[in-house]
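Asker: got a sequence here, can you model it:
(one chain, ligands or ions: 2)
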Amino acid sequence: MLTKQTYIVFLGPPGSGKGTQARILQKVVGLPHVATGDLFRHNISQQTELGRLAKRYIDAGELVPDDVTLGMVRDRLQQPDCAAGVIFDGFPRTLEQVVALDELLADRNGVVLALMLDVSDAEVTRRITGRRVCRNCGAVYHIEFNPPKQAGICDVDGGELYQRDDDKPETVRNRLYVYYKQTSPLIGYYFAKGLLVKVDGDAPPDRVTARLLKVLEEHGIKPVMEPSY
Ligand code: AP5
Ligand code: MG
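Answerer: Ligands and ions are numbered 1, 2, ... in the order given. This is a model prediction of the structure:
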């Protein structure tokens with residue numbers, strides 16, 4: 001049960017497991033999962049103007065400009081399901097975004113906790129290049145660590161599994177470079193505010209979830225249900 005608005009921010013390199021853990025925790029703590037990458041990909045699949053703009057940057061492994069990202073996040077936070085807080089995944093990602101988020105949250109009397117998933121470059125590269133995603137429901141698999149029952153087919157709804165365009169090895173290298181250059185300074189930002197907790201993400205997903213739940217409990221964020229995988 002949450003008494004204050006709660007904002008959980010997942011930090012960590014591409015492929016560190018932010019989406020995997022945020023999807024599990026949204027049910028456990030009862031907060032919506034707001035993933036800017038998923039919002040952009042939804043706009044791309046719907047062929048919106050925002051999607052067309054974002055695609056150019058995403059395919060190159062570059063960040064979408066801050067004003068575009070911030071406009072999209074502001075709209076999302078206005079929706080009623082965000083009234084008690086959210087779990088951010090992939091946002092904020094630049095110093096400009098983190099400052100804008102702090103301003104946005106200043107009126108909301110909320111608590112912020114930044115969870116940094118610590119995973120080596122070699123491991124994230126393995127995870128990203130083996131990732132497959134369902135075209136229908138967005139369920140995420142890994143060809144080695146979390147394979148579907150039938151290759152190329154989603155267990156949930158039978159949809160086709162595809163590889164994200166930005167998960168090709170040549171783009172992954174640039175995404176990691178962009179992460180170190182533009183996003184990793186946020187680790188220092190949250191550390192300086194006393195809001196950062198580093199969690200070892202180099203373990204199977206259920207063990208990482210258990211580590212995260214321990215941290216959440218230590219910060220007064222109690223589960224409302226058991227995790228399911
Ligand atoms: P986004 O979609 O946010 O991608 P990302 O940060 O690069 O992160 P990923 O989704 O690749 O990894 P993840 O940490 O979520 O890992 P996952 O759980 O899937 O952004 C994409 C693009 O959109 C950006 O490059 C940028 O262009 C744009 N964008 C997004 N947000 C933006 C912003 N705020 N500002 C500007 N631009 C923005 O796991 C990866 C794989 O590993 C999966 O296959 C999974 O099954 C597997 N796995 C997960 N955990 C484990 C584990 N513990 N053990 C083994 N395998 C695991
Ligand atoms: Mg993700």
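Asker: could I get the average pLDDT for stretch 67-83?
Answerer: Stretch 67-83 carries an average pLDDT of 96.
Asker: what residues sit buried inside it?
Answerer: Going by neighbour count (16 or more other CB atoms under 10 Å), the buried part of stretch 67-83 is T69, L70, M72, V73, R76, L77, C82. In this view, the C-beta of every residue, glycine as well, is placed from N, C-alpha and C.
Asker: from those residues, list the ones also adjacent to ligand 1.
Answerer: T69 (CB under 6 Å from any ligand atom).
Asker: could you pull up the contacting residues of the residue of the chain found nearest ligand 1?
Answerer: In the chain, the residue that lies nearest ligand 1 is G37 (1.9 Å; CB to the nearest ligand atom). For G37, the contacting residues are G19, I58, D89, G90, by CB atoms under 8 Å, 6 or more residues apart in numbering.
Asker: and which of those is nearest L115?
Answerer: Closest approach between the contacts of G37 and L115, by CB to CB: D89, at 10.2 Å.
Asker: and that closest one, how many residues sit next to it?
Answerer: Number of residues near D89 (other CB atoms under 10 Å) recorded here: 25.
Asker: helices along the chain, start to end?
Answerer: 18-29, 36-45, 49-60, 66-77, 95-106, 121-129, 169-178, 185-192, 205-218 (DSSP state H).
Asker: could you dump those to TSV with distance to K198?
Answerer: Below are the helices of the chain laid out as TSV (distance: least, CB to CB, whole Å):
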stretch	distance to K198
helix 18-29	14
helix 36-45	22
helix 49-60	27
helix 66-77	24
helix 95-106	17
helix 121-129	15
helix 169-178	18
helix 185-192	8
helix 205-218	10
